[in-house]
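next comes the sequence, and after it the predicted model I'd like to discuss.
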Amino acid sequence: MSGQKIGIVGSGLIGRAWAMLFAAAGYRVELYDLVASQVDAALVEIRSELHRLAAKGTLRGQRSAEEQSALISGCGQLEQLVAGAMHIQECVPEQLALKRTLYGQLDVLLEPHTVVASSTSTFMPSLYTAELKQRAQMLVAHPLNPPYYIPLVELVPAPWTDQPVVERTRQLMLTLGQRPVVLKREVQGFATNRIQYAILNEVWRLVGGGVLSVADADRVLSEGLGLRYALMGALETAHLNAPDGIADYVARFGGEIAAVSASYGPTPDMRGEWETLTQIARQCDELVPLTALPQRRAAREEFLTRLSTLKRQL
Ligand code: NAD
């Protein structure tokens, strides 16, 4: 598939990241944006980022930074972007009306072999593809930020997405070195946010209920569970945690799991819990002052780079 054309709609944070991932694998990438200056800015930033990664020794793929940069170009028209593309990765802002309008435009331009994947973090594909003629060629391919270091991509089909389209997108993601997971049907929040929000809700309850400080609640993940989860998931962890595997684990701990789970209480609506929010915001600010957020984000990126290198060696 390398050498084929990929179209990226929206050249903001995620569009740029996808462009780099596709170019690293040898695809020809065209970037389109409603705001033409965004494309120019993206091309400049991508080139300098590729050179920065090469200097650090963390550039992906076999080609040099300059060769990868040469694979990425700008495109001034949506029609031109779609023509001859094997895959369109949509990366426009998270606004349903905006996505609906764009998909309506794409629907009349799409060639029969072209797949359109949305980077959306929240919208199930049926919300904006239901009325479209070419809806069988559309699905969600949701990355995690920063996609250059986090390989997970959630593939979410609408009820009418063709199965071969899902499989072809899965294969495409594998050629990038990403690690796709396929949801068999669409579900609100996909898989990542459902799991992430379950954790966030319980951490919220523990801090709000006065059981843990923010720093300690976060340490439970960063110094404990997260270390395991960087290597294996919750189910494999459970499978390993009883002498005879998961069934044995449930026989031994199922009663306790049910009892603890029954004690969680209602799901919080964080917007209405001012006292807890004020308390959590104050402690988060002590942990990382708002002015230090950019440095902390950079540290996280550096950490993820090292972790992904380590994981590739395992
Ligand atoms: P962004 O605001 O950085 O970039 C969006 C770009 O789309 C802008 O350059 C804008 O000019 C352009 N745009 C707006 N309307 C357009 C249109 N009709 N046609 C072409 N271009 C248009 O947004 P982002 O953070 O890159 O997010 C893009 C998508 O990726 C969203 O759906 C978001 O939910 C998803 N996503 C974001 C993250 C993240 O951490 N930012 C992570 C995973 C997924």
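Received the coordinates, thanks.

OK, now which residue of the stretch 1-150 of the chain is nearest to the ligand?
With distances taken as Cβ to the nearest ligand atom, the stretch 1-150 of the chain approaches the ligand most closely at residue 12, which sits 1.9 Å away. All C-beta spots, glycine's among them, are computed from the backbone N, C-alpha and C.

what's the local residue count around that residue?
Neighbour count of residue 12, defined by other Cβ atoms under 10 Å: 16.

list phi and psi for it.
The phi/psi pair for residue 12 (degrees, to the nearest 10) reads phi -90, psi -150.

isn't it right next to residue 119, touching?
No: with contacts counted by Cβ atoms under 8 Å, residue 12 stays clear of residue 119, the gap being 10.0 Å.

mutual contacts of these two, please.
Between them, residue 12 and residue 119 have residue 91 as joint contacts when contacts are counted by Cβ atoms under 8 Å, 6 or more residues apart in numbering.

what mean pLDDT does the host helix or strand of residue 106 get?
Using DSSP states H and E, residue 106 maps to helix 96-109. Along helix 96-109, the predicted local confidence has a mean pLDDT of 98.

does the ligand sit close to it?
Yes: using Cβ under 6 Å from any ligand atom, helix 96-109 comes into contact with the ligand via 98, 102.

contacts for that helix, please.
Outside of helix 96-109, the residues within contact range by Cβ under 8 Å, 6+ apart are 9, 78-79, 82, 88, 90, 92, 116, 118, 120, 123, 127-129, 132-135, 138.

burial count for the spatially closest residue to residue 92 that is not a sequence neighbour?
Counting by Cβ to Cβ, 6 or more residues apart in numbering, the nearest residue to residue 92 once its immediate chain neighbours are dropped is residue 10, at 4.0 Å. One way to gauge burial is a neighbour count; for residue 10, by other Cβ under 10 Å, it gives 25.

before we move on, back to that, taking the contacts of helix 96-109, please make a ChimeraX selection of just the buried ones.
The following ChimeraX selection, which keeps only the buried ones among those, applies the criterion 16 or more other Cβ atoms under 10 Å:
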select :9,78,82,88,90,92,116,118,120,123,127,128,129,132,134,135,138
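
from the contacts of helix 96-109, which are also near the ligand?
Counting by Cβ under 6 Å from any ligand atom, the subset of those that neighbours the ligand consists of 9, 92, 120.

keep only those of those that are in strands.
Using DSSP state E, the members of those that fall within strands are residue 9.

for the ones next to the ligand among the contacts of helix 96-109, give me a markdown table that also has pLDDT.
Formatted as a markdown table, those follow (pLDDT from 0 to 100):
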| residue | pLDDT |
| --- | --- |
| 9 | 98 |
| 92 | 98 |
| 120 | 98 |
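
in the stretch 151-300 of the chain, which spans are helices?
Counting by DSSP state H, counting those that start in this stretch, the stretch 151-300 of the chain forms helices over residues 163-175, 192-208, 214-220, 226-229, 234-240, 245-262, 274-287, 293-313, given from the N-terminal end onward.

between the ones you listed, which gets nearest to the ligand?
Judging these by Cβ to the nearest ligand atom, what sits closest to the ligand is helix 192-208, at 9.4 Å.

what's in contact with the closest one?
Helix 192-208 has contacts (Cβ under 8 Å, 6+ apart) with 121-122, 142, 144, 152, 154, 187-189, 212-214, 217-218, 220-221, 264-265, 267-268, 270, 273, 275-276, 279-280, 283.

quick one: the closest residue to residue 136 other than its chain neighbours from residue 168, how far?
The shortest distance from residue 136 to any residue that is not its chain neighbour, by Cβ to Cβ, 6+ apart, is 4.4 Å, and that residue is residue 162. Distance, residue 162 to residue 168, using Cβ to Cβ, to the nearest Å: 9 Å.
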